[in-house]
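Student: Give the three-dimensional model of this entry:
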Amino acid sequence: MRISDYPFTQEAAEAVRGKNISLDSLLYRSLFQAVRSRAAERLRGAIGEAIPEGGAKSESEQLFELLSYPLARVMVSCLNDPLLLRRYALAEAKLAFKRMQQEKEGLVVLANDLGINPQGPGPWKIHFSEYIRAAYRMRSPKWKLTNRDLADGYLTVTDVELRRLLEEAIRERVLRGLPVPVDEGLCQSLEEYLAPARRELEALAARQKMDLGEVREGAFPPCIKKMLDDVSRGTNLAHSARFALVSFLLQINMTPGGGDRPLCRQPGLRPGPHPLPGGAHRRSDRNPL
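Tutor: Presented below is the predicted three-dimensional model:
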């Protein structure tokens with residue numbers, strides 16, 4: 001298993017620390033131009049279809065591939081967009097999943113690094129606690145613990161299923177800790193790489209904001225219609241109900257404060273173009289990073 005193929009592992013992190021290469025060197029030295037370019041490629045691949053394969057073969061190319069991962073995390077953190085954070089973690093996981101198809105003995109080593117200890121050879125036995133940590137976000141019924149054979153605390157997964165579990169564990173690990181703390185000067189030094197990515201991210205957000213056509217309140221779910229009726233009568237909604245109502249309206253591209261702005265009369269909601277539920281309780285001193 002090449003650690004440059006899985007730069008999110010603990011072994012990879014130790015290898016990077018062992019090189020004693022400063023962040024300033026990665027940012028400014030011409031020697032590491034290829035690292036900066038590859039990091040930007042990872043970033044833009046997350047915004048686009050996928051992170052392309054790096055094609056690292058020589059020892060120096062593998063080192064640059066390894067170093068591009070932490071620098072890509074810095075770039076992602078400079079943009080600090082929730083959509084990008086999720087897409088980046090998913091893109092890194094998918095790239096690793098693609099590389100996993102070539103792994104045999106290294107698959108167990110990777111699994112162990114991710115906190116999963118398969119017992120094999122396959123089909124693999126996995127402890128249910130490790131399985132739940134990796135599979136709890138998977139929606140397909142086949143991943144539900146109640147639909148798996150369980151004996152003595154262990155369940156069986158196929159080789160394909162193990163790789164899919166590792167992909168999800170990788171996504172969680174990559175996302176954990178993002179965004180990393182970055183300062184304005186650091187991000188400014190990366191602007192030539194961030195500017196194109198920022199434009200692509202804005203275009204992606206615009207494409208995802210679909211025109212849902214005419215909104216007919218008669219088609220709303222009964223609970224939403226009930227909350228709207230209560231608001232129109234001046235009834236104060238619970239904080240959880242306000243949050244659900246505003247989330248629903250934003251999801252269908254409606255402005256909660258539109259029309260006669262009935263939600264602005266709710267306690268804790270200030271008039272404005274985009275009122276939020278519970279506005280009086282927002283932490284203004286929270287660190288955005």
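Student: Near the nearest residue to P196 once chain neighbours are set aside, how many other residues are there?
Tutor: Spatially, and ignoring its direct neighbours in sequence, P196 is nearest to R44 (7.0 Å; Cβ to Cβ, 6 or more residues apart in numbering). (Glycine included, C-beta is placed from N, CA and C.) Close neighbours of R44, defined as other Cβ atoms under 10 Å, add up to 19.
Student: is it true that R44 touches L201?
Tutor: No: assessed by Cβ atoms under 8 Å, R44 is found out of contact with L201, at 9.2 Å.
Student: what's the nearest residue to R148 once chain neighbours are set aside sitting at in phi/psi?
Tutor: Spatial nearest neighbour of R148, chain neighbours left out: L155 (4.5 Å); criterion: Cβ to Cβ, 6+ apart. The phi/psi pair for L155 (degrees, to the nearest 10) reads phi -130, psi 160.
Student: Any idea what L155 is bridged to?
Tutor: For L155, the beta-bridge partners are I126, L150 (DSSP bridges).
Student: neighbours of it, just the number please.
Tutor: 17.
Student: List the contacts of it.
Tutor: L155 makes contacts with 125-126, 128, 131, 145, 148-149, as judged by Cβ atoms under 8 Å, 6 or more residues apart in numbering.
Student: Tell me where the protein is predicted with low confidence.
Tutor: Scanning the chain for pLDDT under 70 picks out 209-215, 255-289.
Student: Which elements pack onto the longest helix along it?
Tutor: Longest helix in the chain, counting residues (DSSP state H): helix 59-79. Helix 59-79 sits against helix 10-19, helix 23-28, helix 33-47, helix 82-100, helix 184-189, helix 191-208, with contacts defined as 3 or more Cβ pairs under 8 Å, 6 or more residues apart in numbering; DSSP states H and E.
Student: tally of neighbours for Y193?
Tutor: Each residue near Y193 was counted by other Cβ under 10 Å, and the total is 20.
Student: Name the nearest residue to it, sequence neighbours excluded.
Tutor: Using Cβ to Cβ, 6+ apart, the closest residue to Y193 is A40 (4.0 Å).
Student: Verify the stated contact: that neighbour with C78.
Tutor: No: using Cβ under 8 Å, A40 is not in contact with C78; the gap is 11.4 Å.
Student: who has more neighbours, those two?
Tutor: Per other Cβ under 10 Å, whichever of A40 and C78 has more neighbours is C78, with 24 against 20.
Student: List the residues that contact that one.
Tutor: By Cβ under 8 Å, 6+ apart, the residues touching C78 are 182, 186-187, 190, 194.
Student: Just send those back as CSV, with distance to L27 and neighbour count too.
Tutor: Below are those laid out as CSV (distance: Cβ to Cβ, whole Å; neighbours: other Cβ atoms under 10 Å):
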residue, distance to L27, neighbour count
V182, 12, 18
L186, 8, 15
C187, 11, 16
L190, 7, 21
L194, 12, 19
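Student: now the residues you listed in CSV, with distance to V16?
Tutor: Shown next, in CSV, are these (distance: Cβ to Cβ, whole Å):
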residue, distance to V16
V182, 17
L186, 18
C187, 21
L190, 18
L194, 22
